[in-house]
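Colleague: Fold the stuff below for me.
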Amino acid sequence: MTHTYSSRFVAIVALFVATLIASNIIAVKVVALGSLVLPAAIILFPVAYILGDVLTEVYGYAAARRVIWIGFLCNLLVVAAIWVAGMLPAAVFWENQDAWNTVLGAAPRILLASFLAYLVGEFANAFVLAKLKVATEGRHLWLRTIGSTLVGQGLDSAVFITLAFAGILPTGALVTAIVTQWLVKSAYEAAATPITYAVVGWLKRAEGVDTFDRKTKFSPLALD
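Modeller: Just a heads-up that it's a prediction; the model follows:
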């Protein structure tokens, strides 16, 4: 099947991928927001879910599925490039290898947890939003965006923190970290609901598209 994509769609995909990659790079820094301790990615990563909502709402699950895989492959490329660069011998006058390893040399366990959490969370988010759109006959966009985020971000946080830190942090700390990240990320997207409404409305008018996934194959591996 041949697909023709508008410049607006391409721009959203580019922003989605950039947001995802930037989030994974800055996540190494842990920040304190009052009493909350969170990865610095909190400033950007929820935007990826907002863009995912926009893609699914306007263009449908199949289009969002392609973008999710594009984001995954682009992120994999960046991670591989960083790993190769880190393995190359440093010039004798370059004294920053330890700093490089500290900031960019993520452990394989962390990377695996991040990749799996991304796929589980994003596909769950798109699936729930698409199903709710059909169930509500296109009404109550806020219900779809917030509802899908609660599921997607909940799974993302649970998968990542469990796989990355089980056996390192006590069970109570794991649960606290999962719930904290889940609630903060979900609150972030809920607060952005007016912006989501504006972008979705503009895109639907500009594109002349409002996709309902009534006959869509929801397998993450489907090719159509």
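Colleague: The residue most central in space within the chain: helix or strand, and which one exactly?
Modeller: The residue at the geometric middle of the chain, judged as the C-alpha nearest the mean C-alpha position with Cα atoms, centre = their mean, is residue 48 (4.6 Å). Secondary structure here is read from DSSP states H and E; on that basis residue 48 sits in helix 45-59.
Colleague: if we look at stretch 170-179, which residues are touching it?
Modeller: The contact list for stretch 170-179, computed with Cβ atoms under 8 Å, 6 or more residues apart in numbering, reads 157-158, 161-162, 165-166, 169. C-beta here means a position set from N, CA and C on the backbone, and glycine is covered the same way.
Colleague: circling back: my guess is the residue nearest to the centre of the chain meets residue 16, correct?
Modeller: Yes - taking Cβ atoms under 8 Å as the definition, residue 48 is a contact partner of residue 16 at 6.0 Å.
Colleague: which neighbours do those two share?
Modeller: Counting by Cβ under 8 Å, 6+ apart, the common neighbours of residue 48 and residue 16 are residue 71.
Colleague: Residue ranges in the chain under the pLDDT threshold?
Modeller: Using pLDDT under 70 as the threshold, the predicted model of the chain has low-confidence ranges 1-3, 224.
Colleague: residue boundaries of the strands in it?
Modeller: Along the chain, the stretches classed as strands by DSSP state E are 30-33, 36-39.
Colleague: how many neighbours does the residue nearest to residue 163 when sequence neighbours are not counted have?
Modeller: Beyond its immediate neighbours in the sequence, the residue positioned closest to residue 163 (Cβ to Cβ, 6 or more residues apart in numbering) is residue 113, lying 3.7 Å away. By the criterion of other Cβ atoms under 10 Å, residue 113 has 20 neighbours.
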